[in-house]
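>>> missing the sequence, but the structure's below:
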Ligand code: CAA
Ligand code: FAD
């Protein structure tokens, strides 16, 4: 077993760290405040290869492994979790899904532009009444011969207002249940497709989350991903990889808050010494350091399994479950270490605390991760 990162991994980690410090940190408070999508920064992320990290260079990707992706996600999430969710959806849900299961034509037409960030993508599974219970899709895709007629609503879609390409799960044959669901590639300008209102969120406020409406949208048959009825399995397989991305986002939020807490604990003095030297504060830092280390190892293990072609469904769910709890706990404690200063925006930790919460909810709530893990444990 080798715990050492390669030279290439270290370079990618450094590049992501530099990008986060130089390009994301300035303005992150203002973007959060104004719910402003980081358009310029996303463009630069594309130029640096962060939006198609694992995509084969023949489709314009950076051709890197999932470990590199975890390292970059951690660094970017330390500073701006809104930017990192945009990155995560594009990389692990949209690009990976298309590369793994799409046709050559779909890859030429969509993946090549998604991998460079020329356009960005969205993944549309959730509906107003189908979140955790994802098989109960109400959106329909009626088979009309050469095309599907798409009708229904999607909810909570990340990149909803800024994407050009949408992977939409919809029910074609209700009688077949989840085996009747298809994933269709929908383009922004297809007639009958409308982007609904932007959600006003507690955290990751720089990312744009929208509802989407489809009314008699004609989607050509060649835009279906995989065989007829493969849509639900597609969503599940893609989400397994996506959960490594969100686990790494949670890890980054936690380690960002931890680094700020350590810095502050060395600077702030009470009762004649640095607060970190009071055991009550020092022990908090010790817990944070230990739990973050465990979360990082879990993210890297899941990534390693994926890179080596092994099953990683259970391990990615475990990484997300654990890292998201660590993000929540660490950020709450980081605010505490900062005292009153932690409660104001200037010190960043309150934003990280608000951002942390979503990692326990999206790409499957913590309860859903426990369902995935317990089923795997019982099947072993
Ligand atoms: N890989 C392949 N197939 C899988 C699979 C996997 N990891 N997991 C399940 N399946 C298959 C099953 O084998 C089954 O197919 P068969 O009957 O043909 O064998 C089918 O999918 C249905 O599986 P279940 O019977 O287990 O379905 P279920 O109704 O019990 O639900 C669930 C399973 C795990 C709870 C699932 O519904 C789920 O993951 N829910 C959460 C949804 C979610 O994560 N949404 C995230 C939206 S995207 C997002 O959130 C992005 C973002 O924020 C940034
Ligand atoms: P529900 O499924 O109604 O769950 C409510 C509560 O009940 C939760 O605590 C849940 O854990 C619990 N619960 C439900 N079923 C069970 C059970 N069987 N056992 C135990 N507890 C259970 N979706 C997309 O498709 N694409 C996106 O890009 C996307 N981005 C998002 C961005 C944001 C900011 C948000 C808030 C959501 C996003 N989502 C996206 C949707 C997200 O994946 C869902 O919100 C999530 O899966 C939960 O679904 P729900 O909100 O319907 O909650």
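That came in fine, so what should we check first? Small disclaimer: the values here were computed from a predicted structure and weren't measured. Ligands and ions are numbered 1, 2, ... in the order given.
>>> Identify the bridge partners of the closest residue to ligand 2 within the stretch 201-350 of the chain.
Closest residue of the stretch 201-350 of the chain to ligand 2, CB to the nearest ligand atom: residue 209 (4.5 Å). No exception for glycine: its C-beta is placed from N, CA and C like everyone else's. With DSSP bridges as the criterion, residue 209 is bridged to residue 158.
>>> mind checking the end-to-end distance for stretch 166-182?
One end of stretch 166-182 to the other measures 13 Å (CA to CA, to the nearest Å).
>>> Just the buried residues of that stretch, please?
Using 16 or more other CB atoms under 10 Å as the burial criterion, the residues of stretch 166-182 that qualify are 166, 167, 168, 169, 170, 171, 172, 173, 178, 180, 181, 182.
>>> Check the residues you listed and tell me the two furthest apart.
Farthest apart among the buried residues of stretch 166-182 by CB to CB are 166 and 173. That separation is 21.5 Å.
>>> picking that back up, looks like the residue of the stretch 201-350 of the chain closest to ligand 2 contacts residue 203 (just checking).
No: between residue 209 and residue 203 no contact is recorded; they are 10.7 Å apart, counting by CB atoms under 8 Å.
>>> returning to that earlier point: now, the buried residues of stretch 166-182 that are in strands?
166, 167, 168, 169, 170, 171, 181, 182 (DSSP state E).
>>> want to throw those residues into CSV with pLDDT and distance to residue 254?
Listed next are these as CSV, based on pLDDT from 0 to 100; distance: CB to CB, whole Å:
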residue, pLDDT, distance to residue 254
166, 98, 31
167, 98, 29
168, 98, 33
169, 98, 31
170, 98, 36
171, 98, 38
181, 98, 35
182, 98, 37
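>>> Export those as TSV, with columns for distance to residue 75.
Putting these into TSV (distance: CB to CB, whole Å) gives the following:
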residue	distance to residue 75
166	28
167	27
168	31
169	31
170	36
171	39
181	36
182	37
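>>> Kindly identify which of these also come near ligand 1.
Applying CB under 6 Å from any ligand atom to those, one finds that nothing falls near ligand 1.
>>> What is the nearest of these to residue 106?
For those, the nearest to residue 106 is residue 167 (10.4 Å; CB to CB).
>>> roughly how far apart are the closest one and residue 226?
Look at residue 167 and residue 226: by CB to CB, to the nearest Å, they are 11 Å apart.
>>> Write out the residues of this protein neighbouring ligand 2.
89, 122-126, 131-133, 156-158, 201, 204, 209, 358, 361-365, 367-368.
>>> can you list the domains in this protein?
7-120, 122-229, 232-378 (the TED database).
>>> Out of the ones you listed, which gets nearest to residue 1?
Using CB to CB, the nearest of those to residue 1 is domain 232-378, at 10.1 Å.
>>> Now do the helices in this protein.
For the chain, the helices defined by DSSP state H cover 7-19, 28-34, 39-47, 66-79, 81-88, 96-101, 104-106, 112-116, 231-267, 279-307, 313-337, 349-358, 366-379.
>>> among these, which is nearest residue 148?
Of all these, helix 231-267 comes closest under CB to CB, at 10.9 Å.
>>> any residue of the closest one up close to ligand 1?
Yes: using CB under 6 Å from any ligand atom, helix 231-267 reaches ligand 1 at 232, 233, 236, 237, 239, 240.
>>> Could you tell me how far residue 151 is located from residue 265?
Applying CB to CB to residue 151 and residue 265 gives a distance of 56 Å.
>>> Likewise for residue 348?
Counting by CB to CB, the gap from residue 348 to residue 265 is 15 Å.
>>> do the same with residue 314
Separation of residue 314 from residue 265 (CB to CB): 36 Å.
>>> How about residue 142?
Taking CB to CB, one finds residue 142 at 60 Å from residue 265.
>>> and what of residue 376?
39 Å.
>>> Residue 148 too?
Distance of residue 148 to residue 265, computed by CB to CB: 57 Å.
>>> What about residue 210, how many residues nearby?
Around residue 210 there are 22 other residues, counting by other CB atoms under 10 Å.
>>> quick one, what contacts it?
Residues counted as contacts of residue 210 (CB atoms under 8 Å, 6 or more residues apart in numbering) are 157, 160, 161, 195, 196, 197, 198, 199.
>>> got it, and residue 220?
146, 147.
>>> got the buried residues for stretch 44-54?
So, applying 16+ other CB under 10 Å, buried residues of stretch 44-54: 44, 45, 46, 48, 49, 50, 51, 52, 53, 54.
>>> Report the closest residue of the stretch 1-150 of the chain relative to ligand 1.
residue 134 (3.8 Å).
>>> excluding its backbone neighbours, what's nearest that residue?
residue 125 (5.7 Å; CB to CB, 6 or more residues apart in numbering).
>>> do the same with residue 342
Closest to residue 342 by CB to CB, 6+ apart is residue 335, at 3.7 Å.
>>> could you measure residue 83 against residue 25, distance?
Taking CB to CB, one finds residue 83 at 11 Å from residue 25.
>>> Who has more neighbours out of the two?
Neighbour tally, residue 83 and residue 25, criterion other CB under 10 Å: the higher count belongs to residue 83, 26 against 14.
>>> Please name the residues that touch residue 79.
20, 21, 24, 25, 28, 256.
>>> I misspoke; the intended subject was residue 204.
With CB under 8 Å, 6+ apart, residue 204 has these contacts: 81, 82, 85, 355, 358.
>>> Residue in the stretch 101-250 of the chain with the shortest distance to ligand 2?
Using CB to the nearest ligand atom, the closest approach of the stretch 101-250 of the chain to ligand 2 is made by residue 131 at 1.9 Å.
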